[in-house]
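A.B. asks: Pasting a predicted model and its sequence here:
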Amino acid sequence: MKLRTVLQKAVLRRRLERDATVTAAKLRNQPPGPDRDRLVRHLKRVQLALSRIRWRDYGVCAACGQPIADARLRLMPTAGTCAACQKKLDAHASAERR
Ligand SMILES: [Zn+2]
């Protein structure tokens, strides 16, 4: 593994850990409702991303197994799929809502 990738992963991991801490703190003061649900969902995504870093498959698309682009991970550290697969999933989800 390239050093650059290792460093990027460490930076992302710190960001995610901080995000998890901040979100957990917000949750403690958040009354039940849609805002709380949103925080719970966000915390779950962050924790999932953190556990994927620990399993060493972080940054790999869960759908096609290809590496997720660095730019996408920087923008969305909790991304579990590559942009192409996410597009397909979104299209599928919106088709089901219709
Ligand atoms: Zn993919």
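C.D. replies: It's in.
A.B. asks: Could I get the pLDDT score of Ala95?
C.D. replies: Per-residue confidence at Ala95 stands at 85 (pLDDT).
A.B. asks: Kindly report the same for Thr78.
C.D. replies: Note for Thr78: predicted pLDDT of 91.
A.B. asks: start at 333 instead
C.D. replies: Done: numbering now begins at 333, and the last item shifts to Thr410.
A.B. asks: For the protein, list the residues in contact with the ion, please.
C.D. replies: Neighbours of the ion within the chain, by CB under 5 Å from the ion: Cys393, Ala395, Cys396, Cys414, Cys417. (Glycine included, C-beta is placed from N, CA and C.)
A.B. asks: Show the average pLDDT along the longest helix seen in the chain.
C.D. replies: Longest helix of the chain, by residue count under DSSP state H: helix 335-360. Averaged across helix 335-360, pLDDT comes to 88.
A.B. asks: Work out the gap between whatever helix or strand comes next after that helix and the centre of the chain.
C.D. replies: Scanning forward in sequence from helix 335-360 by DSSP states H and E, the next helix or strand is helix 366-386. On the basis of CA atoms, centre = their mean, to the nearest Å, helix 366-386 sits 7 Å off its chain's mean C-alpha point.
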